[in-house]
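Engineer: Here is a sequence with its predicted model. Questions after.
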Amino acid sequence: MKKYIIVILSLLVFLNVSVFAAGDVPYTKTEIKSLMKKVADWQLAHQKEVKHHPMDWTNATLYIGMVKWAELADKVDKDETYYKWLVDIGNRYSWKANKRMYHADDLAVCQMFIDVYKRYKDKSILQPTIERIDWILEHPSKGSLIIDYSNQTTLERWSWCDALFMAPPIFTRLYKETGNKKYLEFVDKEYKASTIFLYDLEERMFFRDSRYFYQREANGKKVFWGRGNGWVLGGLTEMLQDLPKKNSYRQFYEDLFVEMCNRMVEIQQPDGLWHASLLDPETYAVPETSCSSFIIYALAYGINEGLLDKATYLPALLKAWKTTLGTIDNDGKLGYVQPIGADPKKVTKDMTEVYGVGAFLMAGTELYKMAK
């Protein structure tokens, strides 16, 4: 019997078929990296077609994912192409965030600035972000968390759940780079205020903003937007990477992260992904890849860091990743990305967006770490 097993294994190796033990990722690092490159390159080739401002939150999300891919490409293949692309963008805008001083959407690009600074250690890259964030700390907004688009001060604080991806990771990054606890004190106070206001303890998910507290889906369930909760999980994943394990601020974010990941696995759809509406997948019957990619990113990070039990969460992760592969066409275009919005909308395969690509690249870098 041993002889036959050895022969079979030898044939598999000869035919370049990977053999995986139970609990392993059935994708090689080479396979994952090749797919990420295809998606990243497709986006760069089509970036001139993107109508968003280069410093907008949409592109900022792409950059956050792209800098993670740039780090991998640089480390493994000595390919600085993607870093150079990001540096060119930063230089063009003098490493300054968008115009609205407080608005989380206009600050999001600072995450990429800090990450590029970590690669090159050029203080001129980091200084504009420090000046902007320090100004906010010295002049904290007193705006309400109740959204009112006729009153722009209600958008100065993190009054919508997307903002929890856009802004808080800037503060934890700055803490990691400077060691100054003032950044943690501010982010902790504001993040907890937003969570108390927007987090539904019963459903263990975030409302998008105060306008959705009493709205209901066609099936009578509460409205929980897929990408909105994906934004939160993506932001938590970013923050946890910069908060030391013994840091006194960490436990709250770690507990929230684990609780939300658990909830996402509970409501994962039979197709392997998550839909635009998390509690009404029948009305929104196709998967939505931007929210799903953020959730994959969180699950993979949680498993890699030992925050999530591998035996419990890896099957859900692999199911999600397998389905995601089917949303990418032969050229590398990522499909099924819901357009800009604030609530669930129907999605088609031909829909793509820069922030969806950014989320996918984030997910890929974490999956790469656990692959053979």
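Structural biologist: That came through fine.
Engineer: roughly how far out does stretch 50-62 sit from the chain middle?
Structural biologist: 15 Å (CA atoms, centre = their mean, to the nearest Å).
Engineer: Any stretches of this protein with poor pLDDT?
Structural biologist: 1-23 (pLDDT under 70).
Engineer: those strands in it, which residues are they?
Structural biologist: Secondary structure of the chain by DSSP state E: the strands cover 199-200, 205-206.
Engineer: what's the first one packed up against?
Structural biologist: For strand 199-200, the contact count by 3 or more CB pairs under 8 Å, 6 or more residues apart in numbering; DSSP states H and E identifies strand 205-206 as packing neighbours. (Glycine included, C-beta is placed from N, CA and C.)
Engineer: Any chance of a markdown table for the strands of the chain, columns distance to G332 and mean neighbour count?
Structural biologist: Converted to a markdown table, those look like this (distance: least, CB to CB, whole Å; neighbours: other CB atoms under 10 Å):
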| stretch | distance to G332 | mean neighbour count |
| --- | --- | --- |
| strand 199-200 | 36 | 15 |
| strand 205-206 | 31 | 25 |
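Engineer: Of all these, which one is nearest F252?
Structural biologist: F252 sits nearest to strand 199-200 of all these, at 11.7 Å, using CB to CB.
Engineer: Strand partners (parallel or antiparallel) of the closest one?
Structural biologist: Here strand 199-200 has these sheet partners by DSSP bridges: strand 205-206 (antiparallel).
Engineer: And the strand it pairs with, how far out from the chain middle?
Structural biologist: Put simply, strand 205-206 sits 16 Å off its chain's centre (CA atoms, centre = their mean).
Engineer: Please list the residues outside that strand that contact it.
Structural biologist: The contact list for strand 205-206, computed with CB atoms under 8 Å, 6 or more residues apart in numbering, reads 161, 164, 195, 198-200, 224, 228-229, 232, 260, 263, 278.
Engineer: Farthest pair within the residues you listed?
Structural biologist: Taking CB to CB, the two most distant members of those are T195 and L278; they sit 17.6 Å apart.
Engineer: Tell me which of these two has more neighbours.
Structural biologist: More crowded of T195 and L278, by other CB atoms under 10 Å: L278, with 30 against 17.
Engineer: Next, work out how far apart the more buried one and R208 are.
Structural biologist: Distance of L278 to R208, given as CB to CB, to the nearest Å: 11 Å.
Engineer: Overlap of the contact sets of the two?
Structural biologist: Both L278 and R208 are contacted by W225, under the criterion CB under 8 Å, 6+ apart.
Engineer: Now render the contacts of strand 205-206 as CSV, adding distance to A97.
Structural biologist: Below are these laid out as CSV (distance: CB to CB, whole Å):
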residue, distance to A97
C161, 20
L164, 17
T195, 24
L198, 24
Y199, 27
D200, 31
F224, 29
G228, 22
N229, 25
V232, 21
M260, 28
R263, 32
L278, 31
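Engineer: Let me know the closest of those residues to S141.
Structural biologist: When these are compared against S141 (criterion: CB to CB), the nearest one is L164, at 15.8 Å.
Engineer: from memory F186 sits against L137, does it?
Structural biologist: Yes: here F186 reaches L137: they are 5.4 Å apart, a contact under CB atoms under 8 Å.
Engineer: So which of the two has more stuff around it?
Structural biologist: Remark: of F186 and L137, F186 carries more neighbours, 18 against 14, as counted by other CB under 10 Å.
Engineer: Would you enumerate the residues in contact with that one?
Structural biologist: Residues near F186 by CB under 8 Å, 6+ apart: 136-137, 140, 171.
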